[in-house]
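K.L.:
Coordinates only, no sequence provided:
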Ligand code: HEM
């Protein structure tokens, strides 16, 4: 077994950025009255956000730091202003439930998600009702439990092909590998499409768009500048056009099968093609393109990030890897996993759950209220933007003692039942909860099990690991590992470890 890596260097920088800043202009909660009502505003920043951009906790492109700082120094509901808009950061499960569930109909997607329309059009993720209701109704059958079960073999087969292509001692970037694998799985299962160079190119174009996304959403009126010859905007247009070409080709290929054949199939693309509205009309080509691209991107990138972070955490927590390997040996005894094994891979699932606690692929969510909202002692006008962050809340010691320690056993049924559902919510909640949750769990457990049966990964020394908060939480740098082949019956067959203290503290390893 390789020695665990040295602590990574940027830890201190982040901790310092979160210490109390003596020059911090704090404003206590206050009340004011306008023509439309009386408002009670939570404590927050005295001035608009741009005033603080020179502060280490408010650096551009590092919103997690701002949220962590506000949660730490201002409490569970904190306020700031940007471009004259009220923005509230909420860090309390009970209030998150209010926004997503109890008062859910009073909220719509906020600006940064709506901005995604320039890429995804009016697909499931970006649309509001009534378009959203229709999309959800059409897509739902492809995600039913029984349907997802039928995808299990394809998931395992794709992972098995990848594990066979690896060589003992080989070095690779696990992020690249997981992106490629989960893209293939989405293409094969949901779109019944073979993976060719075109489909692989989806990943390259997504990388381009992720690279410039934060820059793009900073434009106050993005839709208006989309045709301007600005380099970043031109790169975006080119990448979007390439994605469009691939998606339109996939749709055309399937359409060629004809309606009769399509009606007998139950992959998502076929369901979308045969779907009819109440008036009998089919989805327009534009609507089809929006749905297909949405599911492709929402479906592969998130799971790939979850798997990449999981491999990273396992590489610095070898005891957890050994315990998982023991479970694989016990349940599978050397054969490839199947659908029937899935419920028995309990520790493997807990490893993924713990990885998504520390590195949630969707690291924050936002909503805009369309009516005045009462939340606890506060009242805010319509048009307020509300944010909450899985990353910040899931590292809160109130809900996860010793929060930076990687401890899969936090996710046993008993431990999970003790927690508020909105203290751990990697898949969101309420009417817009992730439609792909069941798919993502099955894929990540089966893929991890298939790969870990035969391979362990050790982080190459001297690497920087940091998060990059884009639409999803991506690793900022490649995560380079060395592969070591295990015998299919378990290279080492360790005793089951019950001592919690054996798990390593991720604070010594991870950057943030
Ligand atoms: C580990 C993997 C995943 C994570 C952490 C994740 C997380 C989330 C979260 C938090 C939301 C809610 C966003 C909000 O309400 O603002 C969401 C929505 C969504 N997810 Fe996932 N997701 C994952 C995998 C998938 C997969 C595999 C698919 C499809 C194959 C998918 C498709 C979608 C779609 C279409 C929505 C929008 C649903 C709606 O608004 O009705 N996701 N996801």
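P.N.:
Yes, it's here. Note that this is a predicted model, so its numbers are computed, not measured. Numbers count the residues shown, from 1 in each chain.

K.L.:
ok, how many other residues are close to the residue lying closest to residue 27 once chain neighbours are set aside?
P.N.:
Counting by Cβ to Cβ, 6 or more residues apart in numbering, residue 27 lies nearest to residue 46, which is 4.3 Å off, once chain neighbours are set aside. To be clear about C-beta, it is placed using only N, CA and C from the backbone, and glycine gets the same treatment. Residue 46 sits with 13 neighbouring residues when counted by other Cβ atoms under 10 Å.

K.L.:
mind listing what residue 46 touches?
P.N.:
Counting by Cβ atoms under 8 Å, 6 or more residues apart in numbering, residue 46 makes contact with 25, 26, 27.

K.L.:
please redo it, this time with the cut-off set to 10 Å
P.N.:
When the contact criterion is Cβ atoms under 10 Å, 6 or more residues apart in numbering, the partners of residue 46 are 24, 25, 26, 27, 28, 52, 80, 81.

K.L.:
pLDDT score for it?
P.N.:
Confidence at residue 46, expressed as pLDDT, is 93.

K.L.:
Next, it: phi, psi?
P.N.:
phi -70, psi -40 (degrees, to the nearest 10).

K.L.:
re the thing from before, got the contacts of residue 46 as JSON lines, with neighbour count columns?
P.N.:
Formatted as JSON lines, the contacts of residue 46 follow (neighbours: other Cβ atoms under 10 Å):
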{"residue": "24", "neighbour count": "15"}
{"residue": "25", "neighbour count": "11"}
{"residue": "26", "neighbour count": "13"}
{"residue": "27", "neighbour count": "15"}
{"residue": "28", "neighbour count": "10"}
{"residue": "52", "neighbour count": "20"}
{"residue": "80", "neighbour count": "23"}
{"residue": "81", "neighbour count": "17"}
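
K.L.:
Looking at those residues, which are in strands?
P.N.:
Secondary structure from DSSP state E places 26, 27, 80, 81 of the contacts of residue 46 in strands.

K.L.:
Same list (those residues) but as TSV, adding distance to the ligand.
P.N.:
Putting the ones in strands among the contacts of residue 46 into TSV (distance: Cβ to the nearest ligand atom, whole Å) gives the following:
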residue	distance to the ligand
26	29
27	28
80	20
81	22
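
K.L.:
By pLDDT, rank these and give me the bottom one.
P.N.:
For these, the pLDDT minimum is residue 26, 89.

K.L.:
Could you show which parts of the stretch 351-500 of the chain are in contact with the ligand?
P.N.:
Proximity of the stretch 351-500 of the chain to the ligand (Cβ under 6 Å from any ligand atom) is limited to residues 361, 362, 365, 426, 427, 428, 432, 434, 435, 436, 439, 440.

K.L.:
How many neighbouring residues does the fourth one have?
P.N.:
Just to be clear, that refers to residue 426. 22.

K.L.:
list the contacts for it?
P.N.:
Residue 426 sits in contact with 302, 306, 352-353, 355-357, 359-363, 390-391, 394, 434, 437, 440, where contact means Cβ under 10 Å, 6+ apart.

K.L.:
okay, now residue 101: neighbour count?
P.N.:
Neighbour tally, residue 101, other Cβ under 10 Å: 14.

K.L.:
Any part of the lengthiest helix in the chain near the ligand?
P.N.:
Longest helix in the chain by number of residues, with DSSP state H as the criterion: helix 285-316. Yes - against the ligand, helix 285-316 shows contacts by Cβ under 6 Å from any ligand atom at 294, 295, 298, 299, 302, 303, 306.

K.L.:
same deal with stretch 258-276?
P.N.:
No - between stretch 258-276 and the ligand, judged by Cβ under 6 Å from any ligand atom, nothing touches; the nearest distance is 8.0 Å.

K.L.:
what sits against residue 64?
P.N.:
Shown in contact with residue 64 (Cβ under 10 Å, 6+ apart): 14, 363, 364, 389, 391, 392, 395, 467, 468, 469, 473, 512.

K.L.:
Surely residue 383 and residue 85 touch.
P.N.:
Yes - in this structure, residue 383 is within contact of residue 85 by Cβ atoms under 10 Å, at 6.8 Å.

K.L.:
Name the residues contacting each of these two.
P.N.:
Shared contacts of residue 383 and residue 85 (Cβ under 10 Å, 6+ apart): residue 368.

K.L.:
Give me the nearest residue to residue 379, chain neighbours excluded.
P.N.:
residue 40 (4.7 Å).

K.L.:
Wait, that neighbour touches residue 28, no?
P.N.:
No - under the criterion of Cβ under 10 Å, residue 40 makes no contact with residue 28, lying 11.6 Å away.

K.L.:
Among the ones in strands among the contacts of residue 46, which one sits closest to residue 269?
P.N.:
Nearest to residue 269 out of the ones in strands among the contacts of residue 46 is residue 80 (Cβ to Cβ; 42.9 Å).

K.L.:
Quickly list what that closest one is bridged to.
P.N.:
Beta-bridge pairing for residue 80 (DSSP bridges): residue 87.

K.L.:
where's the one helix or strand residue 68 maps to relative to the chain centroid, distance-wise?
P.N.:
Using DSSP states H and E, the element containing residue 68 is helix 63-74. In terms of Cα atoms, centre = their mean, to the nearest Å, the centre of helix 63-74 is found 20 Å from the chain centre.
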